[in-house]
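Undergrad: Below are the sequence and a predicted model; questions follow.
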Amino acid sequence: MSISITSIPDVADAQQILSDDALAFIQKLHEKFAGTRNELIAARSVRRQEFSDAKAIDFDPRTEAVRTGDWKVAEAPEALRDRRVEITGPASPAKMAINALNSGAKVWLADLEDASTPSWFNVIDAISNLSAAARGTLAFTDEKTGKSYALRTDAPRAVVVVRPRGWHLPENNVLINGEPAVGALVDFGLHFFHNAKVLTESGQGPFYYLPKMEHYLEARLWNEIFTFAQAELGIAHGTVRATMLIETIPAAFQMEEFLYELREHASGLNAGRWDYLFSIIKTFREAGDAFIMPDRSAVSMTAPMMRAYTELLVKTCHKRGAFAMGGMAAFIPNRREPEVTAAAFEKVRDDKSREANDGFDGSWVAHPDLVDICKEIFDAKLGEKPNQIDRQRPEVEVTAAQLLDVASAPGDVTEAGVRANLYVAVNYVAVWLSGNGAVAIHNLMEDAATAEISRSQIWQQIRNQVVAADTGNTITAELVSKILDEEVERLRGEVNNEEHFKAYYEPAAGLIATLTSGKDEDFADFLTTGAYELLEKEYVSKS
Ligand SMILES: CC(=O)SCCNC(=O)CCNC(=O)[C@H](O)C(C)(C)COP(=O)(O)OP(=O)(O)OC[C@H]1O[C@@H](n2cnc3c(N)ncnc32)[C@H](O)[C@@H]1OP(=O)(O)O
Ligand SMILES: O=CC(=O)O
Ligand SMILES: [Mg+2]
């Protein structure tokens with residue numbers, strides 16, 4: 001087997017990050033694990049069709065012994081015993097990495113996933129920033145503003161937990177025998193190769209968040225990867241700690257199995273609510289009325305199916321000695337608009353209070369100005385304790401029917417909701433193509449997961465001939481196409497820069513038009529797969 005790269009991105013230490021030794025490590029990971037990854041990805045769509053045909057999923061009787069057995073995950077290392085507030089955000093640009101590390105949060109989820117466009121520049125810049133952060137040398141001067149950024153030394157910095165790409169995305173800039181590498185293995189492998197030892201020696205470690213898994217065999221694969229990588233670099237078995245996102249509907253039926261598979265490396269589970277909603281829509285997209293979700297803006301964490309999901313997650317984690325981590329409230333403060341900030345603070349306060357009261361051990365925030373609110377709420381709940389893993393929830397009993405009870409979610413499907421979804425989906429993809437994987441739109445954080453909900457809802461509404469509650473119109477491909485044209489024109493006016501519009505918004509609109517058609521052949525498993533192909537095109541910039 002041979003490994004090559006398409007180019008060296010314009011990042012100061014890119015040569016070193018892409019050294020022969022580092023690439024040889026990626027190649028070994030690929031040789032050992034890419035085949036299994038490919039099989040597991042292929043198995044997803046077979047199972048998805050079965051779930052949709054059955055209009056149901058159930059707990060697997062074959063793994064009953066895991067669910068009833070007496071076992072626990074490995075004890076948390078000191079650096080991960082207190083996770084009451086975690087800030088998420090991309091690891092590139094460096095200023096965001098520094099802002100996150102300095103934010104006062106206990107943990108920084110350094111994101112190469114939902115919040116990141118995986119351009120070659122961004123991937124290598126992220127690894128470069130993570131490497132400098134691990135060594136305490138990360139610094140940055142913003143050429144536009146002249147502002148300098150340095151790591152704080154007056155107070156503890158956030159512990160770094162890296163989220164590699166989901167299993168589905170390739171890395172087209174690393175070729176193994178001429179074929180694209182697996183994005184997740186490149187992200188995991190480069191961070192591990194360069195930083196695992198340094199982090200371990202400094203009292204942290206190679207800590208990861210694992211996204212978008214659909215089956216416990218995918219967790220088993222990660223466990224094998226960790227075991228191999230540790231042995232290969234002479235790092236003690238069990239040094240890696242991974243928090244798995246439960247953010248697909250099949251995964252909700254396998255929380256115990258996920259923790260069991262990774263028990264020697266597991267830190268906990270996270271309730272990734274946005275991808276979870278997307279996964280419900282995706283899995284049951286043609287399964288009829290019982291799975292039609294109300295407008296995205298109407299679905300909240302208090303909907304019965306979301307309560308069932310989070311209650312089961314807390315119960316399962318604490319039974320197994322693992323952390324239960326809350327998810328992302330998408331409301332974003334705005335330093336220039338105090339009333340927006342006040343509204344965001346109130347909504348985030350409600351969200352984090354519910355999570356703390358339910359027994360979560362900590363939660364996520366999307367912006368540095370939200371760290372104090374989350375911290376204050378968990379401080380009040382935890383008192384002197386670093387977490388509330390000792391709080392068992394024996395009273396919680398969650399059935400398959402409750403997890404799948406989409407019909408009870410209050411709210412309607414409206415044409416206004418269709419319009420909002422189209423606006424957000426096109427706008428987000430355009431920003432993504434320009435190199436930013438997260439953006440505030442109408443005071444909400446939008447990232448790959450939230451945009452997935454927007455585009456998949458429309459496909460589902462067309463396919464199931466849903467009637468809009470506000471206009472009485474049936475949502476058809478023709479109606480969506482008309483609204484899409486109107487929203488694209490609106491965006492053209494707002495962007496007010498024809499060159500920029502043509503470079504990013506036109507390809508984004510084309511992609512969204514295809515993905516929302518309601519036709520089987522157009523439902524892509526992931527929006528970012530098509531967007532990634534567009535990234536390759538000449539008119540889309542590298543950073
Ligand atoms: C579904 C999920 O997976 S959720 C997890 C994935 N999503 C995310 O991680 C999104 C994280 N959040 C963000 O990326 C950003 O907050 C955005 C894009 C939503 C908004 O960013 P901006 O428009 O830059 O916000 P704003 O202008 O208020 O930022 C103020 C300052 O805070 C910084 N900042 C904002 N959010 C973050 C963050 N998450 N991490 C680090 N710094 C941040 C900005 O860089 C800026 O710094 P500066 O003053 O030094 O220039
Ligand atoms: O990754 C988190 C989510 O909500 O999706
Ligand atoms: Mg997600």
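TA: Ah, there it is. Ligands and ions are numbered 1, 2, ... in the order given.
Undergrad: bridging residues for Ile246?
TA: Ala271 (DSSP bridges).
Undergrad: quick one: contacts for it?
TA: Taking C-beta atoms under 8 Å, 6 or more residues apart in numbering, we find Ile246 in contact with Ala252, Met255, Phe258, Leu269, Asn270, Ala271, Gly272, Tyr276, Tyr309, Leu313. Where C-beta positions appear, they are placed from N, C-alpha and C, glycine not excepted.
Undergrad: Check the gap between it and Ile475 for me.
TA: 30 Å (C-beta to C-beta, to the nearest Å).
Undergrad: likewise Phe360?
TA: 36 Å.
Undergrad: neighbour-wise, which of the two wins?
TA: Legend: neighbour count by other C-beta atoms under 10 Å for Phe360 and Ile475, higher for Phe360 (30 against 26).
Undergrad: what about the closest residue to ligand 1 within the stretch 151-300 of the chain, which helix or strand?
TA: Closest to ligand 1 within the stretch 151-300 of the chain is Trp274: 4.0 Å, counting by C-beta to the nearest ligand atom. In this assignment (DSSP states H and E), Trp274 forms part of helix 273-283.
Undergrad: contacting residues around the closest residue to Val240 other than its chain neighbours?
TA: Once flanking residues are discounted, Val240 sits nearest to Phe226: 4.3 Å by C-beta to C-beta, 6 or more residues apart in numbering. With contact set as C-beta under 8 Å, 6+ apart, Phe226 has these partners: Val240, Ala242, Leu262, His265.
Undergrad: redo that, cut-off 10 Å
TA: Going by C-beta atoms under 10 Å, 6 or more residues apart in numbering, Phe226 touches 188, 192, 206, 208, 235, 237-242, 262, 264-265.
Undergrad: Over to Ser267?
TA: 73-74, 76-77, 80-81, 83, 161, 207-209, 240-244, 259, 317, 322-323, 325.
Undergrad: How about Asn436?
TA: Per C-beta under 10 Å, 6+ apart, neighbours of Asn436: Pro90, Ser92, Pro93, Ala115, Ser116, Thr117, Asn122, Tyr428, Ala430, Asp447, Ser543.
Undergrad: List only those of the residues you listed flagged as buried.
TA: With burial judged by 16 or more other C-beta atoms under 10 Å, the buried subset of the contacts of Asn436 is Pro90, Ser92, Pro93, Ala115, Ser116, Thr117, Asn122, Tyr428, Ala430, Asp447, Ser543.
Undergrad: Make CSV out of these and add distance to ligand 3.
TA: Shown next, in CSV, are these (distance: C-beta to the ion, whole Å):
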residue, distance to ligand 3
Pro90, 14
Ser92, 18
Pro93, 21
Ala115, 9
Ser116, 12
Thr117, 15
Asn122, 17
Tyr428, 14
Ala430, 20
Asp447, 8
Ser543, 23
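Undergrad: Which helix or strand contains the residue in the stretch 301-450 of the chain positioned nearest to ligand 2?
TA: For the stretch 301-450 of the chain, the residue closest to ligand 2 is Ala449, as judged by C-beta to the nearest ligand atom, at 3.4 Å. Using DSSP H and E, Ala449 sits in helix 448-463.
Undergrad: how about whatever helix or strand comes next after that helix as CSV, C-alpha atoms only?
TA: Downstream of helix 448-463, the first helix or strand assigned by DSSP H and E is helix 477-495. Taking C-alpha atoms only, helix 477-495 is exported to CSV below (Å, rounded to 0.1, in the frame of the first residue of the first chain):
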residue,chain,number,x,y,z
ALA,A,477,-42.0,19.7,-5.0
GLU,A,478,-43.4,22.6,-7.1
LEU,A,479,-44.3,24.7,-4.0
VAL,A,480,-40.9,24.1,-2.4
SER,A,481,-39.2,25.0,-5.7
LYS,A,482,-41.1,28.3,-5.8
ILE,A,483,-40.3,29.1,-2.2
LEU,A,484,-36.7,28.2,-2.7
ASP,A,485,-36.4,30.6,-5.6
GLU,A,486,-37.8,33.4,-3.4
GLU,A,487,-35.5,32.6,-0.5
VAL,A,488,-32.5,32.5,-2.8
GLU,A,489,-33.4,35.9,-4.2
ARG,A,490,-33.8,37.2,-0.6
LEU,A,491,-30.3,35.9,0.2
ARG,A,492,-28.9,37.5,-3.0
GLY,A,493,-30.2,40.8,-1.7
GLU,A,494,-28.8,40.3,1.8
VAL,A,495,-25.4,39.1,0.5
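Undergrad: other SSEs contacting helix 477-495?
TA: Applying 3 or more C-beta pairs under 10 Å, 6 or more residues apart in numbering; DSSP states H and E, we find helix 477-495 packed against helix 415-433, helix 448-463, helix 506-515.
Undergrad: Does the following helix or strand past the shortest one reach ligand 2?
TA: Proceeding C-terminally, helix 506-515 gives way to helix 527-535 as the next helix or strand, assigned by DSSP H and E. No: figure legend: helix 527-535 not in contact with ligand 2 (C-beta under 6 Å from any ligand atom); closest approach 12.4 Å.
Undergrad: now stretch 244-260
TA: Yes: judged by C-beta under 6 Å from any ligand atom, stretch 244-260 and ligand 2 are in contact via Leu245, Glu247.
Undergrad: If we go by neighbour counts, what in stretch 520-530 is buried?
TA: Buried-residue list, stretch 520-530, by 16+ other C-beta under 10 Å: Phe523, Ala524, Phe526, Leu527, Thr528, Gly530.
Undergrad: which residue sits closest to whatever residue of the stretch 351-500 of the chain ends up closest to ligand 3 in space, ignoring its chain neighbours?
TA: Residue nearest to ligand 3 within the stretch 351-500 of the chain: Ala449 (4.0 Å; C-beta to the ion). In this structure, Ala449 finds its nearest non-sequential neighbour in Trp274, 3.6 Å apart by C-beta to C-beta, 6+ apart.
Undergrad: interface residues of the chain facing ligand 2?
TA: Close to ligand 2, as judged by C-beta under 6 Å from any ligand atom, the chain has residues Asp114, Leu245, Glu247, Gly272, Arg273, Trp274, Asp275, Gly327, Met328, Ala449.
Undergrad: The first one: which element?
TA: Taking DSSP H and E as the definition, one finds Asp114 inside no helix or strand.
Undergrad: Could you list which residues are in contact with it?
TA: 88, 90, 163, 165-166, 211-212, 245, 247, 272, 274-275, 328, 437-438, 445-452, 528.
Undergrad: And for the fifth one?
TA: With contact taken as C-beta under 10 Å, 6+ apart, Arg273 is in contact with 245-247, 299-301, 306, 309-310, 326-330, 351, 364, 449-450.
Undergrad: Indicate which one of the helices and strands packed on helix 477-495 is closest to ligand 1.
TA: helix 448-463 (3.9 Å).
Undergrad: how far away is the residue nearest to His237 when sequence neighbours are not counted from Arg135?
TA: Excluding the flanking residues, the one nearest His237 by C-beta to C-beta, 6+ apart is Gln230, at 5.5 Å. In this view, Gln230 and Arg135 are 21 Å apart by C-beta to C-beta.
Undergrad: what's the answer for Asp70, then?
TA: 42 Å.
Undergrad: coming back round to it: show me the contacts for the residue of the stretch 301-450 of the chain closest to ligand 2.
TA: Counting by C-beta under 10 Å, 6+ apart, Ala449 has contacts 113-115, 211-212, 245, 247, 272-279, 327-328, 330, 527.
Undergrad: swap in Val480?
TA: Residues counted as contacts of Val480 (C-beta under 10 Å, 6+ apart) are 415, 418-419, 421-422, 458-459, 461-462, 512-513, 516-518.
Undergrad: Can you flag the buried ones in those?
TA: Taking 16+ other C-beta under 10 Å as the criterion, what is buried in those is 415, 418-419, 421-422, 458-459, 461-462, 512-513, 516-518.
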